[in-house]
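Q: got a structure for you, letters missing:
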């Protein structure tokens with residue numbers, strides 16, 4: 001089996017953050033498929049669990065920011081979630097227009113997303129709740145997509161139960177924190193029980209030492225994907241210091257910037 005693109009140390013990837021989020025409702029099929037049409041190398045999306053135990057693609061614990069509904073995701077059945085307008089709140093111009101409202105955009109399930117995306121497209125799947133862990137494990141096996149998925153999550157309870165099962169995993173917040181001091185001390189960091197860091201340039205106002213982490217992790221088998229980068233110049237700087245992936249709300253300009261330098 002060839003190495004997974006998402007963990008390739010030589011890759012310089014553009015990853016659609018919740019799809020093409022700057023131009024379509026996040027974590028929906030239109031957004032993800034727009035990102036695919038642009039030519040992204042991978043997509044990132046989030047998983048939660050409905051009241052009746054179905055994996056659904058939603059970032060927040062509640063539905064009001066991105067749909068016309070209110071209340072927790074976990075208190076609605078998948079059928080109830082499907083009735084919501086997942087395009088209702090999307091606005092590209094600070095609330096002047098809502099171009100996706102009333103167009104039938106639904107909250108998708110994990111199965112629907114995997115069945116709609118190209119069969120070879122890599123995905124970063126972020127588990128937003130430990131309730132999604134076991135369901136995601138079985139769904140990834142059922143779809144036979146372990147070779148193209150990184151399973152990530154900030155909460156260690158989401159990903160640590162999956163260690164040793166042949167899945168590529170993202171580091172949780174505590175895992176990343178444990179790497180910072182060795183990286184700043186210019187120590188080499190060896191193989192880890194995770195295969196990717198999905199990290200921001202700043203965490204709670206504190207700069208994350210991405211260049212130092214990239215240097216320390218070189219040769220360890222752990223890739224670095226940085227979110228959320230919407231400035232092409234910032235993306236180029238991060239690729240140059242060793243980041244493998246740029247996770248962007250607006251992947252089109254990132255792809256255009258990468259072309260002359262890394263294409």
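A: Here it is on my side, so go on. Worth saying up front: this structure is predicted, and the values here are computed from it rather than measured.
Q: quick one, helices of the stretch 1-150 of the chain?
A: With helices called from DSSP state H, counting those that start in this stretch, the stretch 1-150 of the chain shows them at 29-38, 78-82, 110-116, 133-143.
Q: List the buried residues of the third one.
A: Using 16 or more other Cβ atoms under 10 Å as the burial criterion, the residues of helix 110-116 that qualify are 110, 112-114. Using the backbone N, CA and C atoms, a C-beta is placed for each residue, glycine as well.
Q: Equivalent analysis for the shortest one, please.
A: Applying a neighbour-count criterion of 16+ other Cβ under 10 Å, one finds 78, 80-82 buried in helix 78-82.
Q: what's the closest of these to residue 238?
A: residue 81 (35.3 Å; Cβ to Cβ).
Q: which residues touch that closest one?
A: Contacts of residue 81 were listed using Cβ atoms under 8 Å, 6 or more residues apart in numbering, and they are 50, 56, 58, 63, 73, 106-107.
Q: give me that answer again for 7 Å
A: By Cβ atoms under 7 Å, 6 or more residues apart in numbering, residue 81 lies in contact with 50, 56, 107.
Q: do the same with residue 155
A: Contacts of residue 155 by Cβ under 7 Å, 6+ apart are 130, 172.
Q: Got the phi and psi for it?
A: Dihedral pair for residue 155: phi -80, psi 120, per degrees, to the nearest 10.
Q: Burial check on residue 53, number of neighbours?
A: 10 (other Cβ atoms under 10 Å).
Q: got a pLDDT number for the closest residue to it other than its chain neighbours?
A: Leaving out its chain neighbours, the residue that sits closest to residue 53 by Cβ to Cβ, 6 or more residues apart in numbering is residue 135, at 7.0 Å. With respect to pLDDT, residue 135 scores 98.
Q: ok, now residue 262?
A: Residue 262 is assigned 67 on the pLDDT scale.
Q: if we can go back for a sec, got TSV for the helices of the stretch 1-150 of the chain, with distance to residue 203 too?
A: Shown next, in TSV, are these (distance: least, Cβ to Cβ, whole Å):
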stretch	distance to residue 203
helix 29-38	25
helix 78-82	31
helix 110-116	28
helix 133-143	23
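Q: can you give me the strands in the protein?
A: 13-17, 42-49, 55-57, 123-127, 149-152, 168-169, 196-199, 202-203, 206-207, 223-226, 245-248 (DSSP state E).
Q: ranking those strands by burial, who's on top?
A: Most buried of the strands of the chain by mean neighbour count (mean count of other Cβ atoms under 10 Å) is strand 245-248; its value is a mean of 29.
Q: now for that one, which elements pack on it?
A: Packing partners of strand 245-248 (3 or more Cβ pairs under 7 Å, 6 or more residues apart in numbering; DSSP states H and E): strand 13-17, strand 223-226.
Q: just so I know, which of these lies nearest residue 44?
A: Residue 44 lies closest, by Cβ to Cβ, to one member of the helices and strands packed on strand 245-248: strand 13-17, at 5.4 Å.
Q: average pLDDT across that closest one?
A: 98.
Q: Now do that strand: everything it contacts.
A: Taking Cβ under 7 Å, 6+ apart as the rule, strand 13-17 contacts 5, 32, 35, 40-44, 124, 225, 227-228, 244-249, 251, 254-255, 258.
Q: re earlier: as CSV, the buried residues of helix 110-116 with pLDDT would be great.
A: Below are the buried residues of helix 110-116 laid out as CSV (pLDDT from 0 to 100):
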residue, pLDDT
110, 98
112, 98
113, 98
114, 98
